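**Student:** Model the structure of this input:
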Amino acid sequence: MKFIELFAGIGGFRVGLELAGHECVWANEWLERPRRIYKRNFGEYPNEQDIREVTGEEIPKADLLTAGFPCATFSVAGKQTGFCTSDTRGTLFFEICKILRSTKIPYVLLENVKGLLNHDNGRTMSVILSSLDELGYDVQWEVLNSKNFGVPQHRERLFIVGNLRTESRPKVFPIGDSEGQNGKKGYEEQKGREGIYNKGNKYTGTLDAHYTKGGGTRTFIKQWRRGYFRDHKGDGVPTLTANMGTGGNNVPFVVKPCLTPDRVDKRQRGRRFKEDGEIAHTVGVQDRHGVYTESNGYNDIRKLTPLECERLQGLPDDFTKYYDDGTLVSNSERWERCGRTVTIPVIETIGRKLGYEWY
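**Tutor:** Predicted coordinates for the structure are as follows:
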């Protein structure tokens, strides 16, 4: 398929869909810093117009529209303002509808936070579905967790696929160990997936754009010497593992996900620490997240590096390291870009289910 990418950021949808054999023909992103990172990696700048000024006439013919439209207004970590006039980020969904109405692009792929399903007692999701229905699209959706796609990050996101009723309907969902619109679960798609990169032990929490903000979230893992992702329990789900030995000798290694590591007496969700082997807490705006480790009396908690964040999202190494002119991107900007993008293996899997061979 030829596709366009709205709210492109650093081009996460483009990376995943091109790995699945699709072709990006146009993208839009109005923020300067992600545009410069995008140019560094793809050799071209995305269109810089405010999405509210895009009419559709400048968009080339395409088969698929993709958009991870702003999610802060629907997230449990935000104010959950949704579709309201005081916070226009939520209303940007209707700009997608405007473009679909004018271009009649036959397929659409949307991404947002899981909280969109229940926001405003389900009314927000109802508005989205009815809007797409009025435009002539049939839809299917599913909540997918990145941890089931080869990266040890707990990151649940809602994906919506729509097709014009005049086009064939691809069977995209359900995929893997996730709940879809029909309430069923599937496991066979994700069994045997190999992990990729990174070090430590167990899952990390969800990466988000508040990673470095004052009072916001932090994710930490143990400083490592050697390590890799592996299927720890034989269930096809990767875990962060580490070999802290030297000279080929393993050393016992204990890892416990924790909340607010800098406040010892803080108690949230019933307990501050989880047990060794459990997945990390879901990262929100209010909590700082960490992983406490012990090995031969040595313990440590540290923040993830930008490179580790890239790997947890399935991005190529150093994807966010440079701007278009070769200057270095600050660590805080790299953390934010990783938090705002999509997990690449998830998008690649959806792209393959869409079936580019039709085109």
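**Student:** Low-confidence ranges, this protein, go.
**Tutor:** Counting by pLDDT under 70, the chain has low-confidence residues at 71-90, 176-304, 356-359.
**Student:** What residue spans form the domains of it?
**Tutor:** Here the domain parsing of the chain from automatic domain parsing is 2-192+343-358, 226-340.
**Student:** Quick one: end-to-end distance for stretch 144-164.
**Tutor:** Terminal residues of stretch 144-164 are spaced 23 Å apart (C-alpha to C-alpha, to the nearest Å).
**Student:** what comes up buried for it?
**Tutor:** Using 16 or more other C-beta atoms under 10 Å as the test for burial, stretch 144-164 gives 144-164. In short, each C-beta sits where N, CA and C put it, glycine included.
**Student:** For stretch 42-58, list every residue counted as buried.
**Tutor:** Under 16+ other C-beta under 10 Å, the buried positions of stretch 42-58 are 42, 46, 47, 51, 54.
**Student:** List phi and psi for the second one.
**Tutor:** Residue 46 adopts backbone torsions of phi -70, psi 160, taken as degrees, to the nearest 10.
**Student:** Can you name the residues that contact it?
**Tutor:** Residues near residue 46 by C-beta atoms under 8 Å, 6 or more residues apart in numbering: 5, 8, 11, 27, 28, 29, 35, 38.
**Student:** ok, the last one - how many residues close by?
**Tutor:** Read it as residue 38. Neighbourhood size, residue 38 [other C-beta atoms under 10 Å]: 24.
**Student:** Same question for the third one.
**Tutor:** Residue 11 has 26 neighbouring residues, counting by other C-beta under 10 Å.
**Student:** wouldn't it be in contact with residue 41 here?
**Tutor:** Yes - Residue 11 lies in contact with residue 41 (C-beta atoms under 8 Å); the separation is 6.3 Å.
**Student:** And for the helix or strand harbouring residue 15, what's in contact with it?
**Tutor:** Assigned by DSSP states H and E, residue 15 belongs to helix 12-19. Helix 12-19 has contacts (C-beta under 8 Å, 6+ apart) with 1, 3, 5, 8, 24, 27, 42, 64, 66, 68, 109, 111, 313-316, 319, 341-348, 350-351.
**Student:** Would you mind writing the CA trace of that helix as CSV?
**Tutor:** Provided in CSV are the C-alpha atoms of helix 12-19 (Å, rounded to 0.1, in the frame of the first residue of the first chain):
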residue,chain,number,x,y,z
GLY,A,12,7.4,5.5,13.8
PHE,A,13,4.5,4.4,11.5
ARG,A,14,6.7,4.8,8.5
VAL,A,15,9.5,2.6,10.0
GLY,A,16,7.1,-0.2,10.9
LEU,A,17,5.0,-0.1,7.7
GLU,A,18,8.0,0.1,5.4
LEU,A,19,9.4,-3.0,7.1
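**Student:** could I have the helix or strand just after that helix exported to CSV, CA atoms only?
**Tutor:** Later in the chain than helix 12-19, the nearest helix or strand by DSSP H and E is strand 23-27. Once non-C-alpha atoms are left out, strand 23-27 reads as follows in CSV (Å, rounded to 0.1, in the frame of the first residue of the first chain):
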residue,chain,number,x,y,z
GLU,A,23,5.4,2.8,0.8
CYS,A,24,5.1,6.3,2.5
VAL,A,25,4.1,9.0,-0.1
TRP,A,26,3.4,11.9,2.3
ALA,A,27,3.7,12.8,5.9
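**Student:** outside of strand 23-27, which residues touch it?
**Tutor:** Residues contacting strand 23-27 (C-beta under 8 Å, 6+ apart): 1-6, 8, 11, 14, 17-18, 38, 42, 46-47, 59-62.
**Student:** between it and helix 12-19, how many degrees?
**Tutor:** If you take axes from the mean of the first three to the mean of the last three C-alpha atoms, to 10 degrees, strand 23-27 sits at 160 degrees to helix 12-19.
**Student:** in its sheet, what does strand 23-27 sit against?
**Tutor:** Sheet pairing for strand 23-27, assigned by DSSP bridges, gives strand 2-6 (parallel).
**Student:** Reformat the buried residues of stretch 42-58 into CSV and put secondary structure next to each item.
**Tutor:** Putting the buried residues of stretch 42-58 into CSV (DSSP: H, G, I helix; E, B strand; the rest coil) gives the following:
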residue, secondary structure
42, helix
46, coil
47, strand
51, helix
54, coil
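**Student:** Count residues in the vicinity of the spatially closest residue to residue 1 that is not a sequence neighbour, would you?
**Tutor:** Nearest non-adjacent residue to residue 1, counting by C-beta to C-beta, 6 or more residues apart in numbering: residue 63, 4.0 Å away. Look at residue 63: counted by other C-beta under 10 Å, it has 19 neighbours.
**Student:** What of residue 32?
**Tutor:** 10.
**Student:** which residues in the stretch 51-200 of the chain form helices?
**Tutor:** Taking DSSP state H, counting those that start in this stretch, the helices of the stretch 51-200 of the chain run over residues 93-103, 123-134.
**Student:** Let me know which of those helices is the nearest to residue 333.
**Tutor:** Among the helices of the stretch 51-200 of the chain, the nearest to residue 333 by C-beta to C-beta is helix 93-103 (25.4 Å).
**Student:** on that earlier part again, next, format the helices of the stretch 51-200 of the chain as JSON lines and append mean neighbour count.
**Tutor:** Conversion of those to JSON lines gives the following (neighbours: other C-beta atoms under 10 Å):
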{"stretch": "helix 93-103", "mean neighbour count": "18"}
{"stretch": "helix 123-134", "mean neighbour count": "16"}
